[in-house]
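**Q** Just to be clear, the model below is a prediction. Sequence and coordinates:
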Amino acid sequence: MGVSELTVLVLVYSGIMIFFLVPFKSKKTNRPITFKESLLHITFHKKALLALLLINFLLVAIWFGTEQEVYHFNAHSGYPPISSDSKAIFYMCALLGYTVILYVALALWISLNNLKRRVE
């Protein structure tokens, strides 16, 4: 997969995850929202379930996609059988790691924007 294809996939995935994790209505409070409250706020709402379903779907798709690739290679190549479980596990860990980084960055961004609004 080329760099441009990977960039497009990351941008689309990031956009969908941000859409699913940002709640429609924000809480109107008189005090700044802390980072912990921001994490809880973006975790427990209805659209967050769709983000969880998306992550589960992608993890299953990665696993079955690499399994089908290995099966096809073993069935049609004539070479000794191969296994690419480590490749699938690496892709799945990379997806989860990127999702966690995106989740924490989004919570931090929301809490900093709320703090900035309260200071002004």
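**A** Looks like it came in fine.
**Q** rest of the way, CA atoms for contacts and neighbours
**A** Noted.
**Q** Alpha carbons of the helix or strand where L9 lies, as CSV, please.
**A** Per DSSP states H and E, L9 falls inside helix 3-21. Output in CSV follows, covering the C-alpha atoms of helix 3-21 (Å, rounded to 0.1, in the frame of the first residue of the first chain):
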residue,chain,number,x,y,z
VAL,A,3,1.8,6.4,1.2
SER,A,4,-1.0,8.3,-0.6
GLU,A,5,-3.4,5.4,-0.1
LEU,A,6,-2.5,5.1,3.6
THR,A,7,-2.9,8.9,4.1
VAL,A,8,-6.4,8.8,2.6
LEU,A,9,-7.3,5.8,4.8
VAL,A,10,-6.0,7.6,8.0
LEU,A,11,-7.8,10.8,7.1
VAL,A,12,-11.1,9.1,6.5
TYR,A,13,-10.8,7.0,9.6
SER,A,14,-9.9,10.0,11.7
GLY,A,15,-12.8,12.0,10.4
ILE,A,16,-15.3,9.2,11.1
MET,A,17,-13.9,8.6,14.6
ILE,A,18,-14.0,12.3,15.4
PHE,A,19,-17.6,12.5,14.2
PHE,A,20,-18.6,9.5,16.4
LEU,A,21,-16.7,10.7,19.5
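**Q** Nearest the middle, which residue of the chain would you pick?
**A** T99 (3.1 Å; Cα atoms, centre = their mean).
**Q** and that residue, backbone torsions?
**A** Phi and psi for T99, reported as degrees, to the nearest 10, are phi -70, psi -40.
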